[in-house]
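**Student:** Quick one, structure for this:
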Amino acid sequence: MLSRRTEDYLEAIYELSDKRGFTRVKEIAEKLGVKPATVSEMLERLAKEGYVVHKKRLYVALTEKGREVAKSVRERREILVRFLIMLGVPKEIAEEDACTIEHVLHPETVKQLKNFVRFVEECPLDPKWLKHFKEFCETGVHPCERVKVSIQ
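**Tutor:** Numbering: from 1, shown residues only. Okay, the predicted model is just below:
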């Protein structure tokens with residue numbers, strides 16, 4: 001399993017090289033808020049492990065192996081953001097939290113979150129239980145409790 005830092009580097013390179021197919025050390029350093037020397041050290045390691053191709057002073061590009069990891073990290077983050085937004089978390093906070101959470105979830109948890117998000121998003125109308133959850137968040141009163149009281 002890769003470290004959070006390694007995954008962050010791969011994802012940053014993936015995003016930065018999206019249009020051109022490559023990026024540069026300076027761009028990675030700016031995106032991650034670190035010094036170019038720190039980036040160069042990490043790139044050396046990533047190149048040895050087969051995740052990137054790094055031609056000093058020219059470019060940095062992901063290998064297929066690196067691209068697959070970066071895409072996986074990005075997918076985990078996107079699923080988490082969508083899930084957190086469903087729960088009513090504001091988008092900015094959801095994105096920040098997803099960035100932290102994405103690195104520690106078990107693949108089975110990610111799989112089930114992905115299934116859940118897809119299930120909810122593919123419902124033709126807002127599911128009743130989701131509306132009830134939103135109402136509960138706003139009022140603190142469980143809609144099912146209201147029904148019990150009115151029946152009695």
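**Student:** Please count neighbours and contacts with C-alpha atoms only from this point.
**Tutor:** Noted.
**Student:** top helix in this protein by residue count?
**Tutor:** Ranked by residue count and defined by DSSP state H, the top helix of the chain is helix 64-86.
**Student:** For that one, name the packing helices and strands.
**Tutor:** Judged by 3 or more CA pairs under 8 Å, 6 or more residues apart in numbering; DSSP states H and E, helix 64-86 is in contact with helix 4-16, helix 91-101, helix 107-121.
**Student:** what does the average pLDDT come to for the last one?
**Tutor:** Averaged across helix 107-121, pLDDT comes to 91.
**Student:** Please point out which parts of that helix sit buried.
**Tutor:** Using 16 or more other CA atoms under 10 Å as the burial criterion, the residues of helix 107-121 that qualify are 110, 113-114, 117.
**Student:** Then the shortest one?
**Tutor:** By neighbour count with 16+ other CA under 10 Å, helix 91-101 contains the buried residues 94-95, 97-99.
**Student:** Please export the C-alpha coordinates of that helix as CSV.
**Tutor:** Written as CSV, here are the backbone C-alpha positions of helix 91-101 (Å, rounded to 0.1, in the frame of the first residue of the first chain):
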residue,chain,number,x,y,z
LYS,A,91,-18.9,21.0,-1.1
GLU,A,92,-15.8,22.8,0.1
ILE,A,93,-15.7,20.8,3.3
ALA,A,94,-16.6,17.5,1.5
GLU,A,95,-13.6,18.0,-0.8
GLU,A,96,-11.2,18.8,2.1
ASP,A,97,-12.4,15.8,4.1
ALA,A,98,-12.4,13.4,1.1
CYS,A,99,-8.8,14.3,0.5
THR,A,100,-8.0,13.1,4.0
ILE,A,101,-10.3,10.1,4.1
